[in-house]
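Colleague: show me the folded form of this:
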Amino acid sequence: MTMKQPKITVLMSVYNDHGYLARAVESILEQTYDDFEFLIIDDGSTGPLDALDRFRDSRIRIHRHDNIGLTRSLNKGIALASGEFIARMDADDVSLPDRLKQQVAEFDAHPCVDLVGTFFDMVDANDNLIERKTLIVDPLYRLWRLQFHNVYGHGTMMFRKAAAMAAGMYDENLLYAQDFDLWSRISGARNTSIVPEVQYLYRMNSDGDQASVKNYDAQLQTAIRTSTRNLTACNPGLTESDCEELRALYWKFQQEKVSVRGIALIPPTMDGFCRTYGIEGKERNELVKKICRDIQDELLVAYHLNEQEKRQLKLRLDSFCENVVS
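Modeller: Sure, this is the predicted structure:
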């Protein structure tokens, strides 16, 4: 008798238990949607994963191999996955009970969608709220922002396995920010979606044990390379310096780099973006309006600019916004 394939593979890579593994596993097994397998990749842990021994659930599959790192482990998991969809899960985080149900509903309602994220809460070791991440719901504006920086939380994501395979899966040359790179390669104008509710708790450990904390500089450099690739695909004439000035509009920790020259690069880059993704007419106009608001908001806090520079920026902004057809 042939076993029915699960609709979803929940994919979690584990390297040692930092005290939250049992809670992470429980949060998946307690999902209100149950047509899934739970594929746990033990990436060469140096100690026993005792927390896994307490679970006796037929949906759990454990695959063990020598330590090869997160990126290669995730690709191994994608290759082993039986589900049509893959839901990412990190070993110290929590998926809220309706997470899988809500994301599957998005795929079922929109068959063209390949990628679905959710809002998420950043929490401390005791699940106390640190910050709520309400992501961009408008798909075209979200895609525009994806050219500059990651717009999703990695652990929240569910994606179509076939789409990830077609995109070449995670780039194994990248140790960090590999998700930003993959989402950039999968995403089109109409194949991504967001569940506009918090469905995931992302844990910020006080000891700074996360890879994203310990390896911030390396992660930043990968994000810069991915963003530069995205932006130059829209506007091939851009230099690395141009891309840095463009990113300043959206990378809030680099606001002091916002410049008249950088803002002047926005219109041709947006034009190339619209051509690349087939965005025109009313959709293009709505996108221009949102970008104009971004620039207007930046003018309010660009204290490093003198009055002449602000006037020049205002002129650039007025000219750009005139492109909107009522």
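Colleague: so which residues of the stretch 1-150 of the chain form strands?
Modeller: 8-14, 36-43, 60-65, 85-88, 94-95, 115-123, 129-133 (DSSP state E, counting those that start in this stretch).
Colleague: which helix or strand contains the spatially most central residue of the chain?
Modeller: When C-alpha atoms, centre = their mean is applied to the chain, the residue found nearest the centroid is Tyr152 (2.7 Å). Following DSSP states H and E, one finds Tyr152 outside all helices and strands.
Colleague: helices or strands up against the longest helix belonging to the chain?
Modeller: As assigned by DSSP state H, the longest helix anywhere in the chain is helix 281-301. Judged by 3 or more C-beta pairs under 8 Å, 6 or more residues apart in numbering; DSSP states H and E, the packing partners of helix 281-301 are helix 139-146, helix 266-277, helix 307-321. Just so you know, the C-beta spots here come from the backbone N, C-alpha and C atoms, and that holds for glycine as well.
Colleague: helix 266-277 and the first one, what's the angle between them?
Modeller: I take that to be helix 139-146. If you take axes from the mean of the first three to the mean of the last three C-alpha atoms, to 10 degrees, helix 139-146 sits at 120 degrees to helix 266-277.
Colleague: what number of residues are in the vicinity of Leu49?
Modeller: 18 (other C-beta atoms under 10 Å).
Colleague: skipping adjacent residues, who's closest to it in space?
Modeller: Asp17 (5.5 Å; C-beta to C-beta, 6 or more residues apart in numbering).
Colleague: ok, so what distance separates that neighbour from Thr46?
Modeller: 11 Å (C-beta to C-beta, to the nearest Å).
Colleague: just the helices in the stretch 151-300 of the chain please.
Modeller: In the stretch 151-300 of the chain, the helices defined using DSSP state H, counting those that start in this stretch lie at 161-166, 178-186, 211-214, 216-234, 240-247, 260-264, 266-277, 281-301.
Colleague: among those, which is the most enclosed?
Modeller: helix 178-186 (a mean of 22; mean count of other C-beta atoms under 10 Å).
Colleague: hmm, who's touching that one?
Modeller: Contact partners of helix 178-186, identified using C-beta atoms under 8 Å, 6 or more residues apart in numbering, comprise 70-71, 74, 114-115, 146-147, 149-152, 154, 157, 159, 163-164, 167-171, 174, 192, 222-223, 226, 229-230.
Colleague: sorry, back to before: okay if I get the helices and strands packed on helix 281-301 as JSON lines plus mean pLDDT?
Modeller: Below are the helices and strands packed on helix 281-301 laid out as JSON lines (pLDDT from 0 to 100):
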{"stretch": "helix 139-146", "mean pLDDT": "98"}
{"stretch": "helix 266-277", "mean pLDDT": "95"}
{"stretch": "helix 307-321", "mean pLDDT": "72"}
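Colleague: neighbours of the closest residue to Leu21 other than its chain neighbours, just the number please.
Modeller: Excluding its sequence neighbours, the residue lying closest to Leu21 (C-beta to C-beta, 6+ apart) is Ala51, at 4.3 Å. When counting by other C-beta under 10 Å, one arrives at 18 neighbours for Ala51.
Colleague: thanks a lot, see you next time.
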